[in-house]
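Colleague: Take this sequence and fold it.
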Amino acid sequence: MNLCVQISKKEAMSSSGVDGKVVRKKLNKVVLAYSGGLDTSVIVPWLRENYGCEVVCFTADVGQGLQELEGLEEKAKASGACQLVVKDLKEEFVRDFIFPCLRAGAIYERKYLLGTSMARPVIAKAMVDVAKEVGADAVSHGCTGKGNDQVRFELTFFALNPELSVVVPWREWEITGREDAIEYAIKHNVPVPVTKKSIYSRDRNLWHLSHEGDILEDPAVEPNEDMYMMSVSPENAPDQPEYLKIGIVSGLPVSINGKELSPASLLSELNEIGGRHGIGRVDMVENRLVGMKSRGVYETPGGTIIFTAARELESLTLDRETIQIKDSLALKYAELVYAGRWFDPLRESMDAFMKEITKTTTGTVTLKLYKGCVSVTGRESPNSLYRQDISSFESGDIYNQADAAGFIRLYGLPMRVRAMLDKGL
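Modeller: Next comes the predicted model:
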């Protein structure tokens with residue numbers, strides 16, 4: 001039987017009525033963000049049962065690893081999907097989402113390099129494209145009602161195709177946990193994943209690996225070392241440092257030790273290098289968009305390396321006020337990305353500013369990696385504003401030290417006037 005064609009039609013959902021019950025409307029075809037795990041596997045028959053619709057599963061390859069993609073088509077069809085669409089988004093993800101954030105210097109709440117926040121809009125964008133390709137009138141995701149990802153997915157859907165209906169099972173169904181999901185799967189002949197469930201909730205892509213849940217829910221408890229997957233413990237990292245030279249053009253990394261690489265290949269190689277030196281571990285308590293605080297542990301080895309390099313090169317190519325304005329805007333930029341507003345005109349306008357302001361940020365930065373630390377040992381740029389003949393302690397023709405006296409008198413004039421007022425002068 002062709003599941004894409006031969007499915008019974010019935011009324012399906014749209015919104016909540018005044019009595020709290022779900023009011024359903026008819027849908028024809030839904031594109032589901034699909035991982036192959038228990039939750040998204042049971043969403044497939046749930047959509048067919050409650051919406052009478054065809055289900056097209058969509059999986060984005062954003063660098064989560066080949067093991068996560070194995071056997072997905074078989075799983076999807078066994079769950080009742082008529083089709084599985086897989087798209088390799090790694091280069092697009094790094095080039096069009098990670099690199100703009102890198103160029104902007106976007107860091108959320110002092111620590112978080114926005115790994116999941118950047119991945120959701122690229123996935124949601126691809127889902128909108130697939131919906132158009134297969135003629136779907138709705139999209140669906142498996143995010144819970146407590147997290148940030150539901151917002152990131154849905155704001156992207158709204159921005160790119162407001163005519164699509166959005167179905168969110170976790171806000172509608174009566175499944176409350178893993179045991180309920182397993183029972184539903186068995187009842188509907190859905191193969192239950194037999195892999196051992198991790199005690200942590202994880203999200204992995206080419207930029208990072210996040211860990212949440214279990215003992216991490218107590219912010220006073222130190223994570224277990226066996227939790228980490230992308231990086232070795234700094235204590236067990238090599239006893240000899242490793243030096244890297246990162247080539248940067250217009251604020252974006254292009255090469256490692258003189259070897260030019262594509263965006264995704266460059267990041268992948270830096271992940272491997274940084275991981276073996278224990279680089280990029282972050283343990284933080286963050287403020288979720290929905291209001292609660294949550295604790296997460298992140299591994300971002302390659303990202304930490306290129307963030308350090310890009311920021312350091314700016315110390316040569318940007319003047320003081322430009323750096324200050326850029327840093328202040330970076331806070332808002334990070335907030336917009338974290339909140340799922342990637343396609344907001346404000347972020348796009350800020351991105352245009354960041355692109356313009358970093359067009360001279362070209363050069364190389366030499367880094368030393370050693371037991372969890374990234375140290376800068378050198379930086380060079382053909383557009384450097386640093387002039388040794390001016391900065392030297394030796395006398396020079398351009399900078400006359402005697403000029404400092406007048407500058408200080410004028411710069412300090414407001415302070416002198418206030419002091420004179422206080423003393424009655």
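Colleague: low-scoring stretches of the stretch 251-400 of the chain, by residue?
Modeller: 395-396 (pLDDT under 70).
Colleague: can you give me the strands in it?
Modeller: All strands of the stretch 251-400 of the chain, identified by DSSP state E, counting those that start in this stretch, fall at 252-256, 259-260, 281-287, 293-299, 363-370, 373-380.
Colleague: Just want the angle from the first one to strand 363-370.
Modeller: Counting by axes from the mean of the first three to the mean of the last three Cα atoms, to 10 degrees, strand 252-256 lies at 60 degrees to strand 363-370.
Colleague: picking up where we left off before, which one of the strands of the stretch 251-400 of the chain lies closest to residue 109?
Modeller: Closest approach to residue 109 among those (Cβ to Cβ): strand 281-287, 5.4 Å. Any C-beta I mention is one placed from the backbone N, CA and C, and that applies to glycine too.
Colleague: In contact with the residue nearest to residue 363 when sequence neighbours are not counted, which residues?
Modeller: Excluding its sequence neighbours, the residue lying closest to residue 363 (Cβ to Cβ, 6 or more residues apart in numbering) is residue 381, at 3.0 Å. By Cβ atoms under 8 Å, 6 or more residues apart in numbering, the residues touching residue 381 are 313, 316, 317, 360, 361, 362, 363, 364.
Colleague: Present the strands of the stretch 251-400 of the chain as JSON lines; the columns should include distance to residue 211 and mean neighbour count.
Modeller: Below are the strands of the stretch 251-400 of the chain laid out as JSON lines (distance: least, Cβ to Cβ, whole Å; neighbours: other Cβ atoms under 10 Å):
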{"stretch": "strand 252-256", "distance to residue 211": "26", "mean neighbour count": "19"}
{"stretch": "strand 259-260", "distance to residue 211": "32", "mean neighbour count": "12"}
{"stretch": "strand 281-287", "distance to residue 211": "9", "mean neighbour count": "15"}
{"stretch": "strand 293-299", "distance to residue 211": "4", "mean neighbour count": "20"}
{"stretch": "strand 363-370", "distance to residue 211": "22", "mean neighbour count": "20"}
{"stretch": "strand 373-380", "distance to residue 211": "21", "mean neighbour count": "15"}
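Colleague: looking at the ones you listed, which is closest to residue 178?
Modeller: strand 293-299 (19.6 Å).
Colleague: Which strands or helices does that closest one pack on?
Modeller: Counting contacts by 3 or more Cβ pairs under 8 Å, 6 or more residues apart in numbering; DSSP states H and E, strand 293-299 is packed against strand 209-212, strand 281-287.
Colleague: and the first one, which strands flank it?
Modeller: Meaning strand 209-212. Each strand paired with strand 209-212, and its direction, by DSSP bridges: strand 201-204 (antiparallel), strand 293-299 (antiparallel).
Colleague: Mind putting those strands into JSON lines with distance to residue 120?
Modeller: Below are the strands paired with strand 209-212 laid out as JSON lines (distance: least, Cβ to Cβ, whole Å):
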{"stretch": "strand 201-204", "distance to residue 120": "10"}
{"stretch": "strand 293-299", "distance to residue 120": "15"}
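Colleague: For residue 140, which of the ones you listed is the nearest?
Modeller: Counting by Cβ to Cβ, and looking across all of these, nearest comes strand 201-204 at 18.5 Å.
Colleague: roughly how far is that closest one from the heart of the chain?
Modeller: On the basis of Cα atoms, centre = their mean, to the nearest Å, strand 201-204 sits 12 Å off its chain's mean C-alpha point.
Colleague: just stretch 409-425 next, same as before
Modeller: 50 Å.
Colleague: Can I get that stretch in CSV, CA atoms only?
Modeller: Taking Å, rounded to 0.1, in the frame of the first residue of the first chain, the C-alpha atoms of stretch 409-425 are listed here in CSV:
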residue,chain,number,x,y,z
ARG,A,409,43.5,69.0,30.8
LEU,A,410,40.6,69.0,28.3
TYR,A,411,39.6,65.4,28.9
GLY,A,412,39.5,65.9,32.7
LEU,A,413,37.8,69.3,32.5
PRO,A,414,34.3,68.0,33.7
MET,A,415,35.9,66.4,36.7
ARG,A,416,37.8,69.6,37.6
VAL,A,417,34.7,71.7,37.3
ARG,A,418,32.7,69.4,39.6
ALA,A,419,35.6,69.4,42.2
MET,A,420,35.7,73.2,42.0
LEU,A,421,31.9,73.3,42.6
ASP,A,422,32.2,71.0,45.6
LYS,A,423,35.0,73.2,47.1
GLY,A,424,33.2,76.5,46.4
LEU,A,425,35.9,77.7,44.0
